[in-house]
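> 3D, please:
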Amino acid sequence: MKSPHQARTILAKLRTQHPDADTELAYRNPFELLVATVLSAQTTDQRVNQVTPALFKRFPDARALSRASSPELERLVKTTGFFRAKSRSLLAMARSLVEKHGGKVPGTMEALVDLPGVGRKTANVVLGHAFRVPALPVDRHVLRVANRIGLAGSDSPDAVEQQLAGLIPSESWTALSDTLILHGRRVCKPKPLCDRGAVRKECAFYQSGGLAGRATGQESRVKRGRSSQVTAASASEPPAYALRASARSRRSLGEGGWEAVGVR
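Numbers count the residues shown, from 1 in each chain. Below is the predicted model of the structure:
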């Protein structure tokens, strides 16, 4: 993993490449950002921004939202996907805000994650952007980019949050998250555009050969696996059986087989 000095250098380069890095959700207050972040699960910020103007015009605060009917709320958020589950979460969250916090969005991690439908990532988004307190949201982009570059080494969002938080000052946590998210959307995609990256020199993934290096290594492992299967079969059975075993091995390494060895 990178040192704090290396992490600061990487962040500076990425912020130069993405000077506009910030949350892309449109909001005017903590309540709107909380609702928008809940809606953003499994969809794009752009899609959420198309939905929220009408939603907030109809339900401008937690008290209004807490009195919403499920059918009307579902209709308003339908295009964000998973609209029934999201509607249930929003209604329960709004009612909890009214009952426990006087309709106001609390400004602490403990109180936010106690709300229905609110996890640590959502709470960090609200804290870092609406309340401007140190917070480091880790979504799928942060998870992917941080691991590829070498800033983190875990598949756990909570672990990655702790690793990143230990590399840079707390006042830069939210900026780091926003920058890694934008880099993940624009450059370091699941199939990355490495030639456009500003931190190729520092990136562990790129320096190890990127997707080409990973695919070559995996292909070698698969070939060795095939060879050992055929060799073992040949040693104990006639050649015809060995050929049948080899054919089954090839069929087993279809799309599901490639996924099993980590090709994404």
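> and the helix or strand in which Val145 is found, what's its mean pLDDT?
Following DSSP states H and E, one finds Val145 within helix 140-149. Average pLDDT, helix 140-149: 98.
> next one: stretch 32-44
Computed over stretch 32-44, the mean pLDDT rounds to 96.
> before we move on, back to that, counting by contacts, list what the helix holding Val145 packs against.
Helix 140-149 makes packing contacts with helix 157-165, helix 173-186, helix 204-207 when contacts are defined by 3 or more CB pairs under 8 Å, 6 or more residues apart in numbering; DSSP states H and E. Where you see a C-beta, it was placed from the backbone N, CA and C, and this is true even at glycine.
> I'd like the ones you listed written out as CSV, with mean neighbour count added.
Listed next are the helices and strands packed on helix 140-149 as CSV, based on neighbours: other CB atoms under 10 Å:
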stretch, mean neighbour count
helix 157-165, 18
helix 173-186, 23
helix 204-207, 17
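> what ranges do the helices span in the stretch 1-150 of the chain?
Assigned by DSSP state H, counting those that start in this stretch, the helices in the stretch 1-150 of the chain fall at 4-17, 30-39, 45-58, 62-66, 70-77, 83-101, 109-113, 120-125, 140-149.
> Would you format the helices and strands packed on helix 140-149 as a markdown table with distance to Gln42 included?
A markdown table is the format used below for the helices and strands packed on helix 140-149 (distance: least, CB to CB, whole Å):
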| stretch | distance to Gln42 |
| --- | --- |
| helix 157-165 | 16 |
| helix 173-186 | 15 |
| helix 204-207 | 26 |
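> if we can go back for a sec, same list (the helices of the stretch 1-150 of the chain) but as CSV, adding mean neighbour count.
Below are the helices of the stretch 1-150 of the chain laid out as CSV (neighbours: other CB under 10 Å):
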stretch, mean neighbour count
helix 4-17, 17
helix 30-39, 24
helix 45-58, 16
helix 62-66, 19
helix 70-77, 16
helix 83-101, 18
helix 109-113, 15
helix 120-125, 23
helix 140-149, 22
